[in-house]
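# Prediction below, plus the sequence it came from.
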Amino acid sequence: MKYENEIAEEMKIYEAEKKAKAKIGLLIHLVVVILVGVLLTAINLCTQTGYLWFKWPVLGLSLSVVFHGLAIFFESGSIRKRLLSTEIRRLGSSG
């Protein structure tokens, strides 16, 4: 019984660390996108003020952060676990 509790506690710690690392990765991604956006804006404004093209790459980069966040906060891992358990059940029943 004690052994099972220790394993459960270690699993919780592992999952918490994994989620924390994912959130830190999202924060780093966001900071990089902001910095690149500022750089592209500066380049655009210093070289060609007639057409503001920087908005298009910034839009694409921003969408990448949105999808990264969705993947983290909607726990794609749980979807993966459900699919895996479904496949395991399917393979077990066919064998």
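Right, received. Where do you want to start? Note that the coordinates shown come from a computational prediction; the quantities given were computed from them, not determined experimentally.
# quick one, helices of the protein?
Remark: helices assigned in the chain by DSSP state H are 2-47, 55-73, 76-94.
# comparing those, which gets the lowest mean pLDDT score?
Looking at the helices of the chain, the lowest mean pLDDT belongs to helix 76-94 (a mean of 78).
# Run through the residues that contact the most centrally placed residue in the chain.
The centre of the chain sits closest to residue 68, judged by Cα atoms, centre = their mean, with a distance of 3.4 Å. Residue 68 makes contacts with 25-26, 29, as judged by Cβ atoms under 8 Å, 6 or more residues apart in numbering. Any C-beta I mention is one placed from the backbone N, CA and C, and that applies to glycine too.
# With distance to residue 57 as added columns, please give those residues in a markdown table.
Below are these laid out as a markdown table (distance: Cβ to Cβ, whole Å):
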| residue | distance to residue 57 |
| --- | --- |
| 25 | 21 |
| 26 | 20 |
| 29 | 15 |
